[in-house]
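Novice: Could you look at this predicted model? Sequence included:
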Amino acid sequence: MSLPTPTLHTARLLLRPFTEADTDAIFALQSNAHVLRYWDSPPWKTRAQAERFIEVCRQFEQEGTGARLAIERAADSVFIGWCALSRWDPDNRSAKMGYCLDQAAWGQGFATEAASAVLQWAFDTLDLNRVQSEADTRNTASGRVLEKLGFIREGTLREDCIVDGEVSDSWVFGLLRREWR
């Protein structure tokens with residue numbers, strides 16, 4: 001069963017399906033070591049990784065397992081990151097959400113605005129009951145974004161990943177349909 005990637009509009013953002021034209025922008029984002037300092041995989045080294053990322057976006061859609069959306073500022077159409085819903089489970093009405101924004105877009109409410117649009121789509125269109133997200137415990141900014149959205153910190157995954165050679169814990173956050181505003 002396919003899951004068409006939506007196009008979503010907010011006051012300041014356009015969230016849309018990825019295209020080949022996004023290859024250089026997604027490579028620049030995912031190859032930035034500072035942006036990925038809390039990520040569970042190393043910064044990209046080759047443009048082929050960006051091409052594969054976009055290919056996997058289409059796979060998610062065709063397989064019906066999720067949706068990755070490019071985020072651009074509506075005012076100037078500049079790519080600033082992405083937001084994704086993955087591991088969509090229609091039987092249990094659940095999915096996982098993640099996002100990554102360029103450093104120049106941090107601290108301006110863009111992550112909250114983009115994730116809010118994706119959550120609205122998830123609860124209204126996909127009829128989800130639960131959305132889960134995880135964040136490295138050192139990434140307090142991401143934790144604040146999730147809490148602003150209404151997520152509840154449900155626990156800690158101890159030493160669940162190694163980030164740049166350092167063992168790291170992750171927080172698990174959950175948001176239920178009845179808690180969504």
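Specialist: Good, I have the coordinates.
Novice: And the next helix or strand past the longest helix along the chain?
Specialist: Longest helix of the chain, by residue count under DSSP state H: helix 47-63. Going down the chain from helix 47-63, the next helix or strand is strand 67-73, by DSSP states H and E.
Novice: about what we covered before: for the longest helix of the chain, which positions count as buried?
Specialist: Under the neighbour-count criterion of 16 or more other Cβ atoms under 10 Å, helix 47-63 has Gln49, Ala50, Phe53, Ile54, Cys57, Phe60, Glu61 buried. Any C-beta I mention is one placed from the backbone N, CA and C, and that applies to glycine too.
Novice: Check whether the second one really touches Glu20, as I assumed.
Specialist: Put plainly, it is Ala50. No. Ala50 is beyond contact range of Glu20, at 9.8 Å (criterion: Cβ atoms under 8 Å).
Novice: which non-adjacent residue is nearest Tyr99?
Specialist: Cys83 (4.2 Å; Cβ to Cβ, 6 or more residues apart in numbering).
Novice: how would you label that neighbour: helix, strand or coil?
Specialist: Secondary structure state of Cys83, per DSSP: H, G, I helix; E, B strand; the rest coil, is strand.
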